[in-house]
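Participant: could you work out the structure for the sequence below:
(one chain, ligands or ions: 2)
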Amino acid sequence: MGWNAFFAEHFAPYAEQGYSVGRITLEHKRVYRLQSEYGELLGEVTGKLRYEATGREDYPAVGDWVVISPRAEEKKATIHALLPRKSKFSRKVAGSTVEEQIVATNVDTVFLVNALNNDFNLRRMERYLILAWESGATPVIVLSKADLCDDLDARLNEVESVAIGVPVHVVSAEQGEGLEQLSPYLGVGKTIALLGSSGVGKSTLINKLSGVEMQRVSGVREGDDRGRHTTTHRELFLLPSGGLMIDTPGMRELQLWEADEGFRGTFDDIESMAEDCRFHDCQHLREPGCAIQAALADGSLDQARYDSYRKLQRELAHLARKEDARLQAAEKDKWKKISMGQRQKKKKV
Ligand SMILES: Nc1nc2c(ncn2[C@@H]2O[C@H](COP(=O)(O)OP(=O)(O)OP(=O)(O)O)[C@@H](O)[C@H]2O)c(=O)[nH]1
Ligand SMILES: [Zn+2]
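Facilitator: Ligands and ions are numbered 1, 2, ... in the order given. Predicted structure coming up:
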């Protein structure tokens with residue numbers, strides 16, 4: 001299931017106390033399905049964990065290793081704690097609420113899936129890249145539906161200009177082409193997450209990689225009475241290769257979550273260009289000696305990419321301001337809880 005020395009080290013003190021461990025494979029309204037040495041169990045977090053949680057981050061997510069006490073006969077478990085995460089892929093919840101949504105954790109490689117038909121969108125790819133770099137997992141771009149594309153070279157050039165240094169693989173899941181390029185990422189104990197908008201072919205790809213109908217592909221989904229045919233939950237499952245795959249629901253609205261490093265990683269070309277501006281605090285507007293303006297003028301920096309850089313930068317700054325306000329409120333709340341708890345204790349005495 002992807003267990004390794006990192007998790008073993010952090011689990012050791014719990015093992016001494018007789019706890020077991022499991023990995024979250026599915027999350028549904030704060031009930032978790034997990035795999036353990038006792039097989040598949042349904043887990044719920046302890047009241048203590050809930051009480052001490054200050055935000056989404058403190059609750060389990062798909063991919064997490066959790067410390068449990070199993071009740072094997074009932075197929076249930078109590079979740080006491082989370083082991084530290086090696087990587088964490090987050091986005092902002094949809095809508096206007098400023099809240100983190102953890103898409104997947106402990107992921108080694110993220111496949112950023114983009115279809116080579118009308119869905120192809122470089123700006124969206126930049127968003128995915130920011131989140132991927134920020135997560136701590138390694139991004140890999142998978143261009144799907146190659147059979148629907150008649151200008152592959154042009155597309156590849158465009159991708160390479162926004163995804164500098166990121167491996168790019170072209171596949172057609174439906175025709176079973178190019179899939180062997182993905183096997184190096186799917187080795188025993190490796191965790192892969194798939195990200196991409198609805199309809200880019202993620203389920204088709206998963207079916208091909210798993211050799212069986214693991215995830216229902218659009219159009220043949222059972223028990224969906226709303227007539228919508230999309231992946232609706234996140235789930236981790238084992239591939240025949242020994243790799244672990246996390247599928248994610250379609251992400252039409254992919255809102256960024258905090259991403260300093262992810263942003264720098266994605267726009268490394270622009271950030272290092274800006275270091276050549278004459279003024280350290282250059283706004284790249286009308287300052288003399290501005291390297292960005294010069295690069296835009298001579299075409300070495302694409303205007304659309306620069307616009308996207310500015311837009312995403314503003315979006316992240318806006319998010320950071322809102323998140324600061326939320327954290328301050330949460331901190332206040334926590335102290336209120338603590339001082340109330342102390343007052344109650346005093347009363348009891
Ligand atoms: N032409 C072509 N069509 C494909 C290919 N892969 C998938 N499709 C089709 O694209 C549609 C969407 O595929 P899915 O695999 O359900 O897409 P998805 O990304 O899982 O979508 P969600 O579940 O909504 O996130 C289906 O009709 C597939 O048959 C491909 O390589 N070539
Ligand atoms: Zn400048």
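
Participant: assign Gln293 to helix, strand or coil.
Facilitator: helix (DSSP: H, G, I helix; E, B strand; the rest coil).

Participant: show me what contacts it?
Facilitator: Residues near Gln293 by Cβ atoms under 8 Å, 6 or more residues apart in numbering: 284-287. Any C-beta I mention is one placed from the backbone N, CA and C, and that applies to glycine too.

Participant: could I get those in TSV, plus columns for distance to ligand 2?
Facilitator: Below are the contacts of Gln293 laid out as TSV (distance: Cβ to the ion, whole Å):
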residue	distance to ligand 2
His284	4
Leu285	8
Arg286	10
Glu287	6
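
Participant: most neighbours of all those residues, which one?
Facilitator: When neighbours are counted by other Cβ atoms under 10 Å, His284 leads the contacts of Gln293 with 20 neighbours.

Participant: hang on, it is in a helix, isn't it?
Facilitator: No: applying three-state DSSP, one finds His284 to be coil, outside a helix.

Participant: is the helix ranked longest in the chain in proximity to ligand 2?
Facilitator: Criterion DSSP state H: the longest helix present in the chain is helix 303-348. No: using Cβ under 5 Å from the ion, helix 303-348 never reaches ligand 2; the gap is at least 11.0 Å.

Participant: other SSEs contacting the lowest-mean-pLDDT helix or strand in the chain?
Facilitator: Every helix and strand in the chain was compared by mean pLDDT, DSSP states H and E; the lowest is helix 303-348, with a mean of 79. Secondary-structure packing of helix 303-348 (3 or more Cβ pairs under 8 Å, 6 or more residues apart in numbering; DSSP states H and E): helix 122-135, helix 260-266, helix 268-274, helix 291-298.

Participant: right, is the third one up against ligand 2?
Facilitator: The one in question is helix 268-274. No: if you take Cβ under 5 Å from the ion as the test, helix 268-274 misses ligand 2, and the best it gets is 5.8 Å.

Participant: report the buried residues of that helix.
Facilitator: 269-270, 273-274 (16 or more other Cβ atoms under 10 Å).

Participant: wait, Tyr306 touches Asp269, no?
Facilitator: No: proximity of Tyr306 to Asp269 does not meet the contact threshold set by Cβ atoms under 8 Å, at 10.1 Å.

Participant: tell me the bridge partners for the most centrally placed residue in the chain.
Facilitator: Nearest to the geometric centre of the chain sits Phe89, at 2.8 Å (Cα atoms, centre = their mean). Legend: beta-bridge partners of Phe89 under DSSP bridges are Ala104.

Participant: residues touching Leu205, list them.
Facilitator: Counted by Cβ under 8 Å, 6+ apart, Leu205 has contacts 113, 142, 144, 171, 173, 179, 194.

Participant: what would the residues you listed look like in JSON lines with secondary structure, neighbour count and pLDDT?
Facilitator: Converted to JSON lines, the contacts of Leu205 look like this (DSSP: H, G, I helix; E, B strand; the rest coil; neighbours: other Cβ atoms under 10 Å; pLDDT from 0 to 100):
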{"residue": "Val113", "secondary structure": "strand", "neighbour count": "24", "pLDDT": "92"}
{"residue": "Val142", "secondary structure": "strand", "neighbour count": "28", "pLDDT": "96"}
{"residue": "Ser144", "secondary structure": "strand", "neighbour count": "27", "pLDDT": "94"}
{"residue": "Val171", "secondary structure": "coil", "neighbour count": "26", "pLDDT": "96"}
{"residue": "Ala173", "secondary structure": "coil", "neighbour count": "25", "pLDDT": "91"}
{"residue": "Leu179", "secondary structure": "helix", "neighbour count": "17", "pLDDT": "93"}
{"residue": "Leu194", "secondary structure": "strand", "neighbour count": "24", "pLDDT": "88"}
